[in-house]
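Novice: Kindly return the folded structure for what I paste below:
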Amino acid sequence: MPLAAEHYYFVDEAETTNKKRPPMILIHGAGGNHLSWPPQIRRMADERIYAPDLSGHGKSEGLGRHSIDAYADDVIAFMKELNIRAAVVAGISMGSAVALTMALKYPKKILGLGLLGAGAKLRVAPSILETAGNPNTFESAVDIINVNCFSADAPQNLLQLSKQQLMEARPPVLLGDFLACNEFDVTGQLEQIKIPTIIVCGAEDKMTPVKYSEFLQHEIASSQLHVVENAGHLVMAEQPDTVADLLKHFLDDLPPRTRKKKERIISDGEAGPVQQAGSKLTDRS
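Specialist: Below is the predicted model of the structure:
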């Protein structure tokens, strides 16, 4: 895996990629890494996809961060080193908080937002904060987190794989992630976001229930909401093909980068609705 701004990252860029289409950066959640994103999303046809391991995660060195702002700044530094002027940023759970923060702090760098398992604030249960950082209670914390990330009918092998990935995280890093999530709150700032946004939530999400996504859709002007059936918090893990299709259509509907600024401002007021099989769509313009 290549390295940029001290972040190891996965990159997929087909020879036929249209250079006028913006790249997409995928940001994993708490305790995750680039493998949190299934191949259907990491390897979308004809797209440039980057999936970094955040500080202290996966193959990246470091101790992790204790604030969402710090992670957002890290991703901006990652983009700068790779000469990525602007990108579409998609995040899951904590990664969605990073994406939202990037859109608020660096709006010119963000051409579109993908928010999965997201919320304007991400409070963490005190029991998790008390146990996630302790090596003696780490596995029990992981078990509680993991079972709540999936729908009731999720296959056991998927739960086992997810637990295995979480167990690879160091306890202090996972605790730092949850502390960052617990302090995150952009409830009063969402109206500042004017860029096209797709919000995807599993119908059985216990960590960030559908009402969290509905609030985001209500507050972000140029946004569309998809509720995916038979999926929990890690919606892209349970329904990878559906989520990949949603993100692909979202990229297709973005204004071409060659359009003049005036034209982009006009199109930013329009949300491109997409209805997919197995999902429920609410569109706000």
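Novice: and residue 200, that one's in a strand?
Specialist: Yes. Assessed with DSSP: H, G, I helix; E, B strand; the rest coil, residue 200 lies in a strand.
Novice: Surely it and residue 223 touch.
Specialist: No. Taking Cβ atoms under 8 Å as the contact criterion, residue 200 and residue 223 are not neighbours in contact, 11.2 Å apart. To be clear about C-beta, it is placed using only N, CA and C from the backbone, and glycine gets the same treatment.
Novice: so residue 56 makes contact with residue 63?
Specialist: Yes. Judged on Cβ under 8 Å, residue 56 makes contact with residue 63 at a distance of 5.2 Å.
Novice: which one of these two has more residues nearby?
Specialist: Higher neighbour count among residue 56 and residue 63: residue 56, with 19 against 11, using other Cβ atoms under 10 Å.
Novice: Find the centremost residue of this protein, please.
Specialist: residue 91 (0.9 Å; Cα atoms, centre = their mean).
Novice: So between residue 200 and residue 223, which is more surrounded?
Specialist: The neighbour count for residue 200 versus residue 223, taken as other Cβ under 10 Å, is higher for residue 200 (29 against 24).
Novice: Tell me how far that one lies from residue 250.
Specialist: As defined by Cβ to Cβ, to the nearest Å, residue 200 lies at a distance of 9 Å from residue 250.
Novice: what residues do these two have in common as contacts?
Specialist: Residues touching both residue 200 and residue 250 (Cβ atoms under 8 Å, 6 or more residues apart in numbering) are residue 114.
Novice: which stretch of helix or strand covers the spatially closest residue to residue 65 that is not a sequence neighbour?
Specialist: Once flanking residues are discounted, residue 65 sits nearest to residue 71: 5.0 Å by Cβ to Cβ, 6 or more residues apart in numbering. Element membership for residue 71, per DSSP states H and E: helix 68-81.
Novice: do the same with residue 41
Specialist: When secondary structure is defined by DSSP H and E, residue 41 falls within helix 39-42.
Novice: Dump that helix to PDB, keeping only the CA atoms.
Specialist: Output in PDB follows, covering the C-alpha atoms of helix 39-42 (Å, rounded to 0.1, in the frame of the first residue of the first chain):
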ATOM      1  CA  PRO A  39     -14.600  -4.300  -2.800                       C
ATOM      2  CA  GLN A  40     -17.900  -3.300  -4.600                       C
ATOM      3  CA  ILE A  41     -17.300   0.200  -3.200                       C
ATOM      4  CA  ARG A  42     -13.500   0.400  -3.200                       C
END
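Novice: All the helices of this protein, residue numbers only.
Specialist: If DSSP state H is used as the criterion, the helices of the chain fall at 39-42, 68-81, 94-105, 126-131, 138-147, 156-167, 171-183, 210-219, 235-238, 240-253, 261-268.
Novice: If anything else comes up later, I'll come back, but that's it for now.
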